[in-house]
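1. here is a sequence together with a model predicted from it:
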Amino acid sequence: MQEKNRCQLLLFFLAVLTMGPSLWAAPAEAQEGPSVPRVFFDCRGRQCNGTYYRTEIAWVTWVRDQQDAHIHVIMTSQNTGVGGREYLLDFMGRGPYEGYEARSIFQSLPTDTQREELDGIALTLGLGFASFATASGFRNVVTVNGIGPTGGANTTDAAAQAGVVQADQVQDPWDLWIFRVNASGSMDAESNQESRQFRTSFNASRVSPTWMQNYSGNINNRRREFELSDGSRFVDDRYDWGVNWRVVYALAQHWSFGVRGNVGRNTRNNQSFWGQMNPAMEYSFFPYEEATRRSLTAFYEIGPVYREYIAETLLGRSEELHSQQALTLDFSQRQAWGNASIRLSGSSYLHDKDLYNVSLRGNLSFRITRGLDLNLGARYSKVADQLFLSGEDLTDEERLLELRTQQTDFEASLDFGFSYQFGSIFNNVVNNRFPGGR
(Lines give C-alpha, C1' and ligand atoms only; values in the text may rest on other atoms or scores of the structure.)
Protein backbone atom coordinates (compact mmCIF):
# COMPACT_ATOMS: atom_id res chain seq x y z
CA MET A 1 0.00 0.00 0.00
CA GLN A 2 2.80 2.41 0.87
CA GLU A 3 4.52 1.46 -2.39
CA LYS A 4 1.35 2.37 -4.30
CA ASN A 5 1.08 5.73 -2.52
CA ARG A 6 4.71 6.52 -3.30
CA CYS A 7 4.11 5.77 -7.00
CA GLN A 8 1.04 8.00 -7.08
CA LEU A 9 2.93 10.82 -5.36
CA LEU A 10 5.81 10.50 -7.82
CA LEU A 11 3.45 10.66 -10.81
CA PHE A 12 1.81 13.78 -9.31
CA PHE A 13 5.16 15.59 -8.97
CA LEU A 14 6.15 14.64 -12.53
CA ALA A 15 2.87 16.04 -13.85
CA VAL A 16 3.40 19.30 -11.96
CA LEU A 17 6.97 19.66 -13.24
CA THR A 18 5.90 18.94 -16.82
CA MET A 19 2.78 21.10 -16.99
CA GLY A 20 3.74 23.75 -14.49
CA PRO A 21 5.57 26.11 -16.90
CA SER A 22 2.67 25.94 -19.37
CA LEU A 23 0.15 26.67 -16.61
CA TRP A 24 2.16 29.57 -15.34
CA ALA A 25 2.55 31.00 -18.86
CA ALA A 26 -1.11 30.56 -19.86
CA PRO A 27 -2.46 33.72 -18.20
CA ALA A 28 0.32 35.80 -19.72
CA GLU A 29 -0.36 34.43 -23.22
CA ALA A 30 -4.09 34.88 -22.85
CA GLN A 31 -3.53 38.45 -21.77
CA GLU A 32 -0.89 39.11 -24.46
CA GLY A 33 -2.78 37.72 -27.46
CA PRO A 34 -5.57 40.30 -27.94
CA SER A 35 -3.59 43.31 -26.72
CA VAL A 36 -0.93 43.40 -29.46
CA PRO A 37 -0.99 42.64 -33.19
CA ARG A 38 -0.49 39.00 -34.12
CA VAL A 39 1.79 38.67 -37.13
CA PHE A 40 2.16 35.81 -39.61
CA PHE A 41 5.39 36.34 -41.60
CA ASP A 42 5.27 34.67 -45.03
CA CYS A 43 8.67 34.63 -46.70
CA ARG A 44 10.57 32.13 -48.84
CA GLY A 45 13.82 33.23 -50.38
CA ARG A 46 16.48 35.72 -49.38
CA GLN A 47 16.75 37.23 -45.92
CA CYS A 48 13.82 35.26 -44.44
CA ASN A 49 15.48 35.43 -41.04
CA GLY A 50 12.52 35.12 -38.71
CA THR A 51 14.71 34.84 -35.64
CA TYR A 52 16.33 38.20 -36.30
CA TYR A 53 13.03 39.98 -36.90
CA ARG A 54 11.45 38.46 -33.77
CA THR A 55 14.42 39.71 -31.78
CA GLU A 56 14.30 43.24 -33.20
CA ILE A 57 10.50 43.63 -33.18
CA ALA A 58 9.41 42.23 -29.83
CA TRP A 59 6.28 44.38 -29.37
CA VAL A 60 4.16 42.21 -31.70
CA THR A 61 3.20 38.56 -31.31
CA TRP A 62 4.61 36.30 -34.02
CA VAL A 63 2.29 33.36 -34.74
CA ARG A 64 3.07 30.22 -36.71
CA ASP A 65 -0.24 29.94 -38.58
CA GLN A 66 -1.99 32.57 -40.70
CA GLN A 67 -5.40 31.67 -39.25
CA ASP A 68 -4.27 33.00 -35.86
CA ALA A 69 -2.92 36.30 -37.23
CA HIS A 70 -4.31 39.80 -37.24
CA ILE A 71 -2.02 40.70 -40.14
CA HIS A 72 -0.40 38.53 -42.83
CA VAL A 73 2.90 39.81 -44.29
CA ILE A 74 4.21 38.48 -47.62
CA MET A 75 7.80 39.46 -48.45
CA THR A 76 9.14 39.08 -51.99
CA SER A 77 12.24 40.48 -53.65
CA GLN A 78 13.85 41.19 -57.01
CA ASN A 79 17.18 42.52 -58.24
CA THR A 80 17.68 46.24 -58.84
CA GLY A 81 19.62 47.68 -61.72
CA VAL A 82 22.54 48.68 -59.54
CA GLY A 83 22.99 45.12 -58.25
CA GLY A 84 21.16 45.50 -54.94
CA ARG A 85 17.83 44.02 -53.92
CA GLU A 86 14.33 45.46 -53.72
CA TYR A 87 12.12 43.93 -51.03
CA LEU A 88 8.35 44.30 -51.32
CA LEU A 89 6.34 43.76 -48.14
CA ASP A 90 2.59 43.37 -48.52
CA PHE A 91 0.58 43.80 -45.31
CA MET A 92 -2.90 42.20 -45.39
CA GLY A 93 -5.32 42.28 -42.48
CA ARG A 94 -7.12 39.12 -41.41
CA GLY A 95 -10.31 38.44 -39.48
CA PRO A 96 -11.85 41.69 -38.24
CA TYR A 97 -9.05 43.63 -39.96
CA GLU A 98 -9.52 41.99 -43.39
CA GLY A 99 -10.04 45.30 -45.13
CA TYR A 100 -6.55 46.55 -44.29
CA GLU A 101 -3.96 46.48 -47.10
CA ALA A 102 -0.63 48.26 -47.39
CA ARG A 103 2.71 47.86 -49.12
CA SER A 104 6.21 48.93 -48.10
CA ILE A 105 9.40 48.83 -50.15
CA PHE A 106 13.00 48.59 -49.01
CA GLN A 107 15.96 48.73 -51.38
CA SER A 108 19.37 47.47 -50.33
CA LEU A 109 22.64 48.57 -51.92
CA PRO A 110 25.04 46.10 -53.51
CA THR A 111 27.66 47.17 -50.96
CA ASP A 112 25.42 46.47 -47.93
CA THR A 113 26.50 43.80 -45.50
CA GLN A 114 24.01 41.16 -44.45
CA ARG A 115 23.50 42.97 -41.13
CA GLU A 116 22.75 46.26 -42.89
CA GLU A 117 20.27 44.51 -45.18
CA LEU A 118 18.54 42.78 -42.25
CA ASP A 119 18.37 46.05 -40.30
CA GLY A 120 16.73 47.79 -43.24
CA ILE A 121 14.12 45.05 -43.63
CA ALA A 122 13.47 45.01 -39.87
CA LEU A 123 12.94 48.78 -39.89
CA THR A 124 10.52 48.51 -42.83
CA LEU A 125 8.63 45.69 -41.10
CA GLY A 126 8.43 47.66 -37.86
CA LEU A 127 7.04 50.74 -39.60
CA GLY A 128 4.47 48.60 -41.37
CA PHE A 129 3.36 46.97 -38.13
CA ALA A 130 3.20 50.35 -36.41
CA SER A 131 1.03 51.77 -39.18
CA PHE A 132 -1.29 48.75 -38.94
CA ALA A 133 -1.51 49.00 -35.15
CA THR A 134 -2.34 52.70 -35.33
CA ALA A 135 -4.96 52.29 -38.07
CA SER A 136 -6.56 49.21 -36.48
CA GLY A 137 -7.02 50.61 -32.98
CA PHE A 138 -4.44 48.68 -30.95
CA ARG A 139 -4.07 50.92 -27.91
CA ASN A 140 -0.95 51.58 -25.85
CA VAL A 141 1.22 49.66 -28.33
CA VAL A 142 2.70 52.28 -30.64
CA THR A 143 1.52 55.50 -32.30
CA VAL A 144 2.67 56.63 -35.72
CA ASN A 145 1.83 59.99 -37.29
CA GLY A 146 2.39 60.90 -40.91
CA ILE A 147 2.82 57.41 -42.37
CA GLY A 148 1.09 56.93 -45.71
CA PRO A 149 0.66 58.69 -49.05
CA THR A 150 0.83 62.47 -48.84
CA GLY A 151 0.28 65.21 -51.35
CA GLY A 152 1.65 68.65 -51.93
CA ALA A 153 5.35 69.33 -51.56
CA ASN A 154 6.11 65.87 -50.19
CA THR A 155 4.77 64.03 -53.25
CA THR A 156 7.52 62.70 -55.54
CA ASP A 157 7.13 61.81 -59.19
CA ALA A 158 6.30 58.30 -60.36
CA ALA A 159 9.89 57.49 -61.28
CA ALA A 160 11.16 58.34 -57.81
CA GLN A 161 8.42 56.27 -56.20
CA ALA A 162 9.48 53.33 -58.38
CA GLY A 163 13.08 53.62 -57.20
CA VAL A 164 14.36 54.95 -60.55
CA VAL A 165 17.26 57.39 -60.57
CA GLN A 166 16.95 60.01 -63.31
CA ALA A 167 19.96 61.33 -65.19
CA ASP A 168 19.42 64.87 -63.93
CA GLN A 169 19.21 63.74 -60.29
CA VAL A 170 22.76 62.50 -59.82
CA GLN A 171 26.24 62.91 -61.28
CA ASP A 172 27.11 59.38 -62.36
CA PRO A 173 30.41 58.95 -64.26
CA TRP A 174 29.49 55.29 -64.88
CA ASP A 175 26.16 56.18 -66.56
CA LEU A 176 24.34 53.42 -64.59
CA TRP A 177 26.74 50.65 -65.73
CA ILE A 178 27.63 47.94 -63.21
CA PHE A 179 30.62 45.56 -63.62
CA ARG A 180 31.52 42.39 -61.72
CA VAL A 181 34.47 40.02 -61.99
CA ASN A 182 34.68 36.69 -60.13
CA ALA A 183 37.39 34.05 -59.94
CA SER A 184 37.68 30.87 -57.87
CA GLY A 185 39.55 27.59 -57.79
CA SER A 186 39.62 24.33 -55.92
CA MET A 187 41.79 21.24 -55.59
CA ASP A 188 41.10 17.86 -53.94
CA ALA A 189 43.47 14.92 -53.74
CA GLU A 190 43.53 11.37 -52.39
CA SER A 191 45.92 8.49 -52.95
CA ASN A 192 43.90 7.11 -55.87
CA GLN A 193 42.21 10.23 -57.29
CA GLU A 194 42.60 13.98 -57.63
CA SER A 195 40.73 16.90 -59.16
CA ARG A 196 41.32 20.58 -59.70
CA GLN A 197 39.13 23.29 -61.14
CA PHE A 198 39.47 26.97 -62.01
CA ARG A 199 36.50 29.22 -62.76
CA THR A 200 36.27 32.86 -63.72
CA SER A 201 33.35 35.01 -64.85
CA PHE A 202 32.43 38.60 -65.62
CA ASN A 203 29.22 40.58 -65.91
CA ALA A 204 28.32 44.03 -67.20
CA SER A 205 24.79 45.41 -66.95
CA ARG A 206 22.85 48.61 -67.32
CA VAL A 207 19.20 49.07 -66.33
CA SER A 208 17.04 52.09 -67.10
CA PRO A 209 13.24 52.51 -67.26
CA THR A 210 13.15 51.66 -70.96
CA TRP A 211 16.33 49.62 -71.62
CA MET A 212 17.95 46.64 -69.95
CA GLN A 213 21.34 45.36 -71.07
CA ASN A 214 23.25 42.42 -69.65
CA TYR A 215 26.52 40.89 -70.87
CA SER A 216 28.23 37.99 -69.11
CA GLY A 217 30.91 35.40 -69.72
CA ASN A 218 32.60 32.51 -67.98
CA ILE A 219 35.60 30.21 -68.30
CA ASN A 220 35.77 26.80 -66.64
CA ASN A 221 38.89 24.63 -66.69
CA ARG A 222 38.61 21.25 -64.91
CA ARG A 223 40.84 18.20 -64.67
CA ARG A 224 40.01 14.91 -62.89
CA GLU A 225 42.03 11.74 -62.52
CA PHE A 226 40.86 8.36 -61.17
CA GLU A 227 42.70 5.11 -60.60
CA LEU A 228 40.67 2.19 -62.00
CA SER A 229 40.46 -1.36 -60.65
CA ASP A 230 42.98 -2.65 -63.24
CA GLY A 231 45.60 -0.12 -62.12
CA SER A 232 45.19 2.24 -65.10
CA ARG A 233 44.27 5.88 -64.67
CA PHE A 234 41.29 7.65 -66.20
CA VAL A 235 41.91 11.34 -67.01
CA ASP A 236 39.23 13.87 -67.90
CA ASP A 237 40.65 17.27 -68.87
CA ARG A 238 38.21 19.80 -70.28
CA TYR A 239 38.02 23.49 -71.04
CA ASP A 240 34.66 25.23 -71.50
CA TRP A 241 33.69 28.87 -71.95
CA GLY A 242 30.66 30.95 -72.82
CA VAL A 243 29.57 34.53 -73.53
CA ASN A 244 25.93 35.61 -73.23
CA TRP A 245 24.14 38.87 -73.93
CA ARG A 246 20.62 40.19 -73.59
CA VAL A 247 19.27 43.58 -74.71
CA VAL A 248 15.62 44.42 -73.92
CA TYR A 249 13.50 47.44 -74.79
CA ALA A 250 10.21 48.22 -72.98
CA LEU A 251 7.75 48.85 -75.81
CA ALA A 252 4.67 49.38 -73.64
CA GLN A 253 3.23 48.45 -70.25
CA HIS A 254 2.78 44.81 -71.30
CA TRP A 255 5.17 44.42 -74.25
CA SER A 256 8.95 44.00 -74.43
CA PHE A 257 11.22 43.42 -77.40
CA GLY A 258 14.86 42.39 -77.41
CA VAL A 259 17.71 40.22 -78.61
CA ARG A 260 19.31 37.25 -76.87
CA GLY A 261 22.54 35.63 -77.99
CA ASN A 262 25.39 33.43 -76.85
CA VAL A 263 28.58 31.80 -78.07
CA GLY A 264 30.78 29.27 -76.36
CA ARG A 265 32.24 25.81 -76.02
CA ASN A 266 30.46 22.89 -74.31
CA THR A 267 32.45 19.68 -74.03
CA ARG A 268 29.65 17.65 -72.46
CA ASN A 269 27.38 18.43 -75.42
CA ASN A 270 30.10 17.65 -78.00
CA GLN A 271 30.38 21.29 -79.15
CA SER A 272 33.78 22.83 -79.74
CA PHE A 273 32.01 26.06 -80.73
CA TRP A 274 28.40 27.13 -80.89
CA GLY A 275 26.59 30.41 -81.39
CA GLN A 276 23.05 31.73 -81.41
CA MET A 277 21.40 35.10 -82.06
CA ASN A 278 17.64 35.36 -81.40
CA PRO A 279 15.30 38.33 -81.70
CA ALA A 280 12.63 37.87 -79.02
CA MET A 281 9.27 39.28 -77.93
CA GLU A 282 7.53 39.02 -74.55
CA TYR A 283 3.97 39.81 -73.51
CA SER A 284 3.01 40.14 -69.83
CA PHE A 285 -0.66 39.56 -69.09
CA PHE A 286 -0.25 41.43 -65.78
CA PRO A 287 1.68 44.69 -65.30
CA TYR A 288 5.40 44.05 -64.82
CA GLU A 289 5.24 45.88 -61.48
CA GLU A 290 3.24 42.93 -60.04
CA ALA A 291 5.83 40.32 -61.03
CA THR A 292 6.90 39.40 -57.50
CA ARG A 293 3.30 38.50 -56.49
CA ARG A 294 1.80 37.24 -59.77
CA SER A 295 3.13 36.88 -63.28
CA LEU A 296 1.92 35.35 -66.55
CA THR A 297 4.13 35.88 -69.59
CA ALA A 298 4.40 34.58 -73.15
CA PHE A 299 7.93 34.64 -74.59
CA TYR A 300 8.79 33.89 -78.23
CA GLU A 301 12.20 33.84 -79.90
CA ILE A 302 13.54 32.76 -83.29
CA GLY A 303 16.97 32.74 -84.86
CA PRO A 304 19.92 30.80 -86.31
CA VAL A 305 22.01 28.27 -84.37
CA TYR A 306 25.51 27.32 -85.50
CA ARG A 307 27.53 24.41 -84.07
CA GLU A 308 30.99 22.93 -84.64
CA TYR A 309 31.39 19.48 -83.11
CA ILE A 310 34.30 17.85 -81.29
CA ALA A 311 33.42 14.45 -82.79
CA GLU A 312 31.14 13.66 -85.69
CA THR A 313 27.50 13.38 -84.69
CA LEU A 314 25.22 10.38 -85.11
CA LEU A 315 24.19 11.89 -88.45
CA GLY A 316 27.81 12.23 -89.55
CA ARG A 317 28.00 16.04 -89.22
CA SER A 318 31.06 17.95 -88.10
CA GLU A 319 29.25 21.31 -88.25
CA GLU A 320 25.79 22.62 -89.10
CA LEU A 321 23.68 25.77 -89.24
CA HIS A 322 19.93 25.72 -88.67
CA SER A 323 17.14 28.07 -87.55
CA GLN A 324 15.25 27.38 -84.34
CA GLN A 325 12.17 28.85 -82.67
CA ALA A 326 10.88 28.61 -79.09
CA LEU A 327 7.76 29.63 -77.17
CA THR A 328 7.52 29.73 -73.37
CA LEU A 329 4.46 30.32 -71.19
CA ASP A 330 5.40 31.10 -67.60
CA PHE A 331 2.99 31.53 -64.68
CA SER A 332 3.80 32.18 -61.03
CA GLN A 333 1.69 33.37 -58.13
CA ARG A 334 2.28 34.00 -54.47
CA GLN A 335 -0.77 34.46 -52.30
CA ALA A 336 -1.83 33.92 -48.71
CA TRP A 337 -2.72 30.28 -49.46
CA GLY A 338 0.79 29.49 -50.75
CA ASN A 339 2.89 29.56 -53.93
CA ALA A 340 2.35 28.10 -57.39
CA SER A 341 4.33 28.19 -60.62
CA ILE A 342 4.11 26.40 -63.94
CA ARG A 343 6.18 26.69 -67.10
CA LEU A 344 5.38 25.23 -70.51
CA SER A 345 8.04 25.60 -73.17
CA GLY A 346 8.53 24.19 -76.63
CA SER A 347 11.16 24.57 -79.32
CA SER A 348 11.64 23.19 -82.82
CA TYR A 349 13.97 23.45 -85.80
CA LEU A 350 12.47 25.15 -88.82
CA HIS A 351 14.07 22.78 -91.36
CA ASP A 352 12.55 19.69 -89.69
CA LYS A 353 9.51 19.96 -87.41
CA ASP A 354 10.17 16.41 -86.11
CA LEU A 355 13.18 17.83 -84.25
CA TYR A 356 11.57 19.40 -81.21
CA ASN A 357 11.64 19.67 -77.42
CA VAL A 358 8.60 20.16 -75.18
CA SER A 359 8.94 20.68 -71.44
CA LEU A 360 6.41 21.13 -68.64
CA ARG A 361 7.46 22.03 -65.10
CA GLY A 362 5.35 22.92 -62.09
CA ASN A 363 5.73 23.63 -58.38
CA LEU A 364 3.07 24.01 -55.71
CA SER A 365 3.27 24.87 -52.03
CA PHE A 366 -0.25 24.83 -50.63
CA ARG A 367 -1.55 25.41 -47.11
CA ILE A 368 -4.25 22.77 -46.68
CA THR A 369 -5.32 23.71 -43.19
CA ARG A 370 -3.90 25.04 -39.95
CA GLY A 371 -0.22 24.04 -39.79
CA LEU A 372 -0.43 21.56 -42.70
CA ASP A 373 1.51 22.41 -45.88
CA LEU A 374 1.70 20.32 -49.05
CA ASN A 375 4.68 20.67 -51.43
CA LEU A 376 4.72 19.25 -54.96
CA GLY A 377 7.16 19.58 -57.83
CA ALA A 378 7.25 17.82 -61.19
CA ARG A 379 9.01 18.12 -64.53
CA TYR A 380 8.65 16.25 -67.82
CA SER A 381 10.41 16.85 -71.12
CA LYS A 382 9.92 15.17 -74.47
CA VAL A 383 13.33 15.25 -76.12
CA ALA A 384 13.69 14.87 -79.90
CA ASP A 385 16.29 17.49 -80.86
CA GLN A 386 19.69 16.13 -79.79
CA LEU A 387 21.51 16.87 -83.04
CA PHE A 388 24.78 17.35 -81.17
CA LEU A 389 25.15 13.76 -79.89
CA SER A 390 28.51 12.21 -80.70
CA GLY A 391 28.64 9.21 -82.99
CA GLU A 392 31.31 7.62 -80.79
CA ASP A 393 30.32 5.11 -78.15
CA LEU A 394 30.41 6.32 -74.56
CA THR A 395 32.76 4.59 -72.15
CA ASP A 396 31.54 3.30 -68.80
CA GLU A 397 33.46 6.06 -67.05
CA GLU A 398 31.78 8.74 -69.17
CA ARG A 399 28.36 7.28 -68.43
CA LEU A 400 28.91 6.99 -64.67
CA LEU A 401 30.49 10.43 -64.30
CA GLU A 402 28.00 12.03 -66.76
CA LEU A 403 30.85 13.54 -68.74
CA ARG A 404 28.93 13.40 -72.03
CA THR A 405 25.23 13.80 -72.78
CA GLN A 406 23.49 10.51 -73.53
CA GLN A 407 20.70 9.96 -76.01
CA THR A 408 17.23 9.96 -74.48
CA ASP A 409 13.59 10.30 -75.52
CA PHE A 410 12.38 11.96 -72.32
CA GLU A 411 13.43 13.39 -68.98
CA ALA A 412 11.21 13.32 -65.89
CA SER A 413 11.40 14.12 -62.19
CA LEU A 414 8.96 14.25 -59.28
CA ASP A 415 9.32 15.41 -55.71
CA PHE A 416 6.69 15.79 -53.02
CA GLY A 417 6.32 16.18 -49.29
CA PHE A 418 4.31 17.76 -46.53
CA SER A 419 4.92 19.37 -43.18
CA TYR A 420 2.67 19.63 -40.15
CA GLN A 421 3.26 21.81 -37.13
CA PHE A 422 1.14 22.02 -34.01
CA GLY A 423 1.38 23.35 -30.48
CA SER A 424 1.48 26.84 -29.04
CA ILE A 425 0.77 29.68 -31.46
CA PHE A 426 2.53 32.31 -29.30
CA ASN A 427 6.28 32.37 -28.83
CA ASN A 428 8.33 35.53 -29.28
CA VAL A 429 11.23 34.17 -27.23
CA VAL A 430 14.59 33.79 -28.97
CA ASN A 431 17.16 31.50 -27.36
CA ASN A 432 20.43 31.09 -29.26
CA ARG A 433 22.22 28.72 -26.89
CA PHE A 434 23.81 25.66 -28.49
CA PRO A 435 22.94 26.75 -32.07
CA GLY A 436 24.87 23.84 -33.53
CA GLY A 437 22.64 21.38 -31.72
CA ARG A 438 19.42 22.36 -33.51
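-> Perfect, I can see it now. Residues are numbered from 1 along each chain as shown.

2. what mean pLDDT does stretch 93-107 have?
-> Averaged over stretch 93-107, pLDDT sits at 89.

3. next, the distance between the ends of it.
-> For stretch 93-107, the separation between the terminal residues is 24 Å (C-alpha to C-alpha, to the nearest Å).

4. gap between it and the chain center?
-> Centroid separation between stretch 93-107 and its chain, computed with C-alpha atoms, centre = their mean, to the nearest Å, is 23 Å.

5. how about that stretch: buried residues?
-> Residues Gly93, Arg94, Tyr97, Tyr100, Ala102, Ser104, Phe106 are the ones in stretch 93-107 that count as buried (16 or more other C-beta atoms under 10 Å). In this view, the C-beta of every residue, glycine as well, is placed from N, C-alpha and C.

6. out of those residues, which sit inside strands?
-> Counted as lying in strands by DSSP state E, out of the buried residues of stretch 93-107, are Gly93, Ala102, Ser104, Phe106.

7. which residue is the nearest non-sequential neighbour of the second one?
-> Put plainly, it is Ala102. In this structure, Ala102 finds its nearest non-sequential neighbour in Phe91, 4.4 Å apart by C-beta to C-beta, 6 or more residues apart in numbering.

8. just confirm the one you found is within a helix.
-> No: in this structure, Phe91 is strand, not part of a helix, as judged by DSSP: H, G, I helix; E, B strand; the rest coil.

9. pretty sure it contacts Val73?
-> Yes: the pair Phe91 / Val73 is scored as a contact, 5.6 Å apart, by C-beta atoms under 8 Å.

10. shared neighbours, these two?
-> Both Phe91 and Val73 are contacted by Gly128, under the criterion C-beta atoms under 8 Å, 6 or more residues apart in numbering.

11. show residues contacting stretch 116-124.
-> With C-beta under 8 Å, 6+ apart, stretch 116-124 has contacts from 47, 49, 52-53, 56-57, 75, 85, 87, 89, 104-106, 108, 112.

12. pLDDT on it, on average?
-> Across stretch 116-124, pLDDT averages out at 87.

13. mind listing what's buried in that stretch?
-> Glu117, Leu118, Gly120, Ile121, Ala122, Thr124.

14. neighbour count: Phe91 and Val73, which is higher?
-> Using other C-beta atoms under 10 Å, the more surrounded residue of Phe91 and Val73 is Val73, with 22 against 19.

15. could you chop the chain up by domain?
-> For the chain, automatic domain parsing gives the domain ranges 37-141, 251-420.

16. what about the residue nearest to Gln197 when sequence neighbours are not counted, distance to Met187?
-> Spatially, and ignoring its direct neighbours in sequence, Gln197 is nearest to Arg222 (4.4 Å; C-beta to C-beta, 6+ apart). Separation of Arg222 from Met187 (C-beta to C-beta, to the nearest Å) stands at 11 Å.

17. now the common contact residues for the two.
-> Ser195, Arg196, Gln197.

18. identify those among those residues that sit within strands.
-> Ser195, Arg196, Gln197.

19. OK, contacts around the last one?
-> Meaning Gln197. Gly185, Ser186, Met187, Asn220, Asn221, Arg222, Arg223.

20. any chance of the buried residues of stretch 93-107 in CSV, plus distance to Phe273?
-> Listed next are the buried residues of stretch 93-107 as CSV, based on distance: C-beta to C-beta, whole Å:
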residue, distance to Phe273
Gly93, 58
Arg94, 57
Tyr97, 61
Tyr100, 58
Ala102, 54
Ser104, 49
Phe106, 45
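
21. out of these, which is nearest to Ile302?
-> Nearest to Ile302, judged by C-beta to C-beta, of the buried residues of stretch 93-107 is Phe106 at 39.6 Å.

22. so who does the closest one touch?
-> By C-beta under 8 Å, 6+ apart, the contact set of Phe106 is Glu86, Tyr87, Leu89, Gly120, Ile121, Leu123, Thr124.

23. mind checking pLDDT for the residue minimising distance to the centre of the chain?
-> For the chain, the residue nearest the mean C-alpha position is Gly45 (5.4 Å; C-alpha atoms, centre = their mean). At Gly45, the predicted lDDT confidence score is 70.

24. excluding chain neighbours, what is closest to it?
-> Sequence neighbours aside, Ser77 is the residue nearest to Gly45 in space, at 6.1 Å (criterion: C-beta to C-beta, 6+ apart).

25. report the beta-bridge partners for that neighbour.
-> Tyr87 (DSSP bridges).

26. test my guess that it contacts Cys48.
-> No: using C-beta under 8 Å as the test, Ser77 is too far from Cys48 to be in contact (9.7 Å).

27. which one's more surrounded, those two?
-> When Ser77 and Cys48 are compared for neighbours, Ser77 comes out ahead with 20 against 14, by other C-beta under 10 Å.

28. quick one: low-confidence residue ranges for the stretch 201-350 of the chain.
-> Low-confidence segments of the stretch 201-350 of the chain, defined by pLDDT under 70: 292, 336.

29. can you give me the strands in it?
-> Taking DSSP state E, counting those that start in this stretch as the criterion, the stretch 201-350 of the chain carries its strands at 211-227, 233-250, 255-266, 271-284, 294-309, 319-335, 338-349.

30. the ones you listed: which one's closest to Arg64?
-> Nearest to Arg64, of the strands of the stretch 201-350 of the chain and by C-beta to C-beta, is strand 338-349 at 15.2 Å.
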